[in-house]
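Colleague: take a look and give me a structure for this.
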Amino acid sequence: MTTSASTAADARSLALAHYAARGVLEHVLARHGITFQQQITLRAALTADAPRTPDDLVAGVRDSLKADPAAIRATLDELLAKQLLVADGTHLLPTDAGRELTAAVGAETAPVSARIWGGIPAEDLAAAGRVLALVKERADAELAAPTA
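Modeller: You can find the predicted model right below:
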């Protein structure tokens, strides 16, 4: 199915695009024996400016995925068991195996990402980026608002 350039973005089109792209990534991750949440959590540890505590990682991943903190803690345990993270005092650090896995996934997804994103005009990407940032900001505000 080809989408018309005049189709307005809405919650459904955003969700469909997200799940299509995530599906591509999850095919790659499955070949490497890692889940989406494990990859996001490992990447958070790898890209941190300084070593992160488990609480820091849980907070960061929760902010990104809006996932249950208990599920994120279980993911940390899984990454430790797979020896992709290692405890160093109060911090969790990526291992060489964790770095290698992330690099392999990145190398495998790069050409696919180039095919998916390639050819989209820069001004369209800029406009989409602004809209997505606003949607995220508003959704985060809704999640933070007290419920009745």
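Colleague: going forward, measure contacts and count neighbours with C-alpha atoms only.
Modeller: OK.
Colleague: so V24 is in which element?
Modeller: Using DSSP states H and E, V24 sits in helix 11-31.
Colleague: name the residues of the helix or strand that that helix is followed by that are buried.
Modeller: Downstream of helix 11-31, the first helix or strand assigned by DSSP H and E is helix 36-47. Neighbour-count burial for helix 36-47, counted by 16 or more other C-alpha atoms under 10 Å, picks out F36, Q37, Q38, Q39, I40, T41, L42, R43, A44, A45, L46.
Colleague: what ranges does the chain have for its strands?
Modeller: When assigned using DSSP state E, the strands of the chain occupy the ranges 85-88, 91-94.
Colleague: where in this structure is pLDDT low?
Modeller: The model of the chain has pLDDT under 70 over residues 1-6, 148.
Colleague: ok, back up a step: so which of the strands of the chain is nearest T7?
Modeller: strand 91-94 (42.4 Å; C-alpha to C-alpha).
Colleague: and the residue nearest the centre of the chain?
Modeller: When C-alpha atoms, centre = their mean is applied to the chain, the residue found nearest the centroid is I40 (4.6 Å).
Colleague: closest one to E137 among the strands of the chain?
Modeller: strand 91-94 (29.2 Å).
Colleague: still on that earlier bit, got the contact list for the residue nearest to the centre of the chain?
Modeller: V61 (C-alpha atoms under 8 Å, 6 or more residues apart in numbering).
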